[in-house]
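> coords please:
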Amino acid sequence: MDGLTQNTGFNGLLTALVFLPFLFALVILIFARNDHHVRLMAAVGGLVELVLSIAVFIAYKKVESGFQLIDRFNSWIPIDSFRVDYFLGVDGLSVPMVLLTGILGMVAILASMRITNRVKQYFIWILVLQGAVFGVFTALDFIMFFLFWELELIPMFFLISNWGTGRKDYSAMKFIIFTFLGSAFMLVGALALYISVGTFDMTALPELVQSGIKLVIPAGAIFGLLFVGFAVKLPVWPLHTWLPDAHTDAPTAVSVLLAGVLLKMGGYGMIRVTASIMPDVMAGLAWLLVAAGVINVLYGAVVTVRQTDLKRLVAFSSISHMGYVLIGLSAIASKGADAAAVGLTGASMQMFTHGTITGLMFLTVGMIYDRTHTRYIPDLGGLSNRMPIIGLAFLIAGLASLGLPGTSGFASEILVFLGAFPVWAWPTALAVFGVVITAGYILWMTQRTLFGHMNSRWEKLTDASKLELVPIVMLVATILIFGIYPAFLTDLFKISVEPIVAAVNSSSEILSR
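Numbers count the residues shown, from 1 in each chain. Sure thing, here's the model as predicted:
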């Protein structure tokens, strides 16, 4: 893969990006003397990470394919029979995910400034979580990838169980059980690959596996093991039941990160690992992807309609929107390279756009709850009269979620449909019907929350503070910028999906001879 398997080098940018959050967490642990110092250090850490993520986005050269900004030390764990390299790098798939993590990390820190309970521990866990997610999106050694994947579980568990609401202990435990189970499947699949080809190098695995090398277990079985691990995180029905509980009981900032970047780890893994390493297997099982995607879209949309808890409604809508990622991936079975590339690009972009849109939605839901102390939709109404800025941001998030042209939500969904329709016409048509249901519950939710008769209890509500304006503006700007000019993202994603499509076409040509 572009000769990178032989490269050793150290750019330093990605290492700083991944490990500075851990350093800031350590500094807070040792030197922060009061809650004010903790908040200030965390904000500085979030700002540094945001700047670094933007630097990675700018530094990546679109004209060059393959992985860039490489940090690599061979034999990081120097065991002859189990070699693990320190290997970080980014390509057109991971660069937008890095930017997304930087943006939402800063948003989460700013949204947490009202936390008063065990402030030091809270921000330490937030920074550790951000560092782990950066590690997932930049690691190019499978064991490093897995270690960062597992590390993310620890801060999430404590953030939900210690700072959540409602059945927080139950939700945290359910989250950890489901995700550990998924991780076990993924680890078995990774070890099966290593025993077969003798490397954890994620840039070398595609070429080695596709060369026809004999695998210790069938390729379909390895694919299934890896896919289940990623499906739990996305999540795919029926492995989704941990998500509504975790979202409902998590603090606002944690919900922003959970919906914004943690779910995307599942979709990222499907493209980075399963689609890249075994594209022909994924193409052969594309019918399963599109079926699961349509179920996610329709099930999530129908169940969302029934919700009266504002936060739980947004949580179920995430299940529906992640179905579009699966439908976009199913385009890999298309005999036309253009359609397959469009579908995979749409799936990749859907991950980014959903992260910003749902991040904004959870952020504004949290602001509404902080002021009204309720998420029960029938009790809300007319809030835009007292909170016009928060109301406008909530409305923009809702309209982007239903795919309004001019927002990033429209660009990603239309690419998914354009890519999948040539090969899966009827399933794609059903998924389009899901958009209609989405429009229904989004418009119902915004009308019941922002407009209509206002409860007299809300007369003294206040609008967004100057500090709260910052994350709102960040997310609204991101939604509109990438909605007006989606090529900022699509050009990057296309670089990474084209080799996958080419591998599928090459395999098809060989089989047809």
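> the longest helix in the chain is where?
helix 337-372 (DSSP state H).
> which helices and strands sit right next to the helix or strand that it is followed by?
Downstream of helix 337-372, the next assigned helix or strand under DSSP states H and E is helix 388-401. In terms of contacts (3 or more CB pairs under 8 Å, 6 or more residues apart in numbering; DSSP states H and E), helix 388-401 is packed against helix 337-372, helix 408-420, helix 425-450, helix 466-484. Glycine gets a C-beta too; all of them are placed from N, C-alpha and C.
> Quick one: closest of the ones you listed to Val128.
Between Val128 and these, the shortest gap by CB to CB is with helix 337-372, which sits at 19.3 Å.
> So what sits opposite Ala139 in the bridge?
Taking DSSP bridges, one finds Leu88 as the beta-bridge partners of Ala139.
> That one contacts Phe148, doesn't it?
Yes. Assessed by CB atoms under 8 Å, Ala139 is found in contact with Phe148 at 5.7 Å.
> what comes up buried for the top strand by length along the chain?
With DSSP state E setting the assignment, residue counts place strand 68-77 as the longest strand in the chain. Of all the residues in strand 68-77, those buried under the rule 16 or more other CB atoms under 10 Å are 68-72.
> same question, stretch 405-416
When burial is assessed from 16+ other CB under 10 Å, stretch 405-416 yields the following buried residues: 407-416.
> Save those as JSON lines, and put in distance to Tyr86 and pLDDT too.
Putting the buried residues of stretch 405-416 into JSON lines (distance: CB to CB, whole Å; pLDDT from 0 to 100) gives the following:
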{"residue": "Thr407", "distance to Tyr86": "39", "pLDDT": "91"}
{"residue": "Ser408", "distance to Tyr86": "34", "pLDDT": "91"}
{"residue": "Gly409", "distance to Tyr86": "37", "pLDDT": "88"}
{"residue": "Phe410", "distance to Tyr86": "40", "pLDDT": "90"}
{"residue": "Ala411", "distance to Tyr86": "36", "pLDDT": "90"}
{"residue": "Ser412", "distance to Tyr86": "34", "pLDDT": "91"}
{"residue": "Glu413", "distance to Tyr86": "38", "pLDDT": "91"}
{"residue": "Ile414", "distance to Tyr86": "40", "pLDDT": "92"}
{"residue": "Leu415", "distance to Tyr86": "35", "pLDDT": "93"}
{"residue": "Val416", "distance to Tyr86": "36", "pLDDT": "92"}
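> Just give me the neighbour total for the nearest residue to Ala429 once chain neighbours are set aside.
In this structure, Ala429 finds its nearest non-sequential neighbour in Phe421, 7.9 Å apart by CB to CB, 6 or more residues apart in numbering. Using other CB atoms under 10 Å, Phe421 has 21 neighbouring residues.
> so how far is Gly346 from Phe421?
Using CB to CB, to the nearest Å, one obtains 11 Å as the distance from Phe421 to Gly346.
> now do His240
For His240 relative to Gly346 (CB to CB), the value is 21 Å.
> So these two - more neighbours on which side?
When His240 and Gly346 are compared for neighbours, Gly346 comes out ahead with 29 against 22, by other CB under 10 Å.
> residue contacts, the nearest residue to that one once chain neighbours are set aside?
With CB to CB, 6+ apart as the measure, Leu415 is the residue that lies nearest to Gly346, at 2.9 Å, once sequence neighbours are left out. Contacts of Leu415 were listed using CB atoms under 8 Å, 6 or more residues apart in numbering, and they are 328, 342-343, 345-346, 349, 490.
> Kind regards, and thank you for your time.
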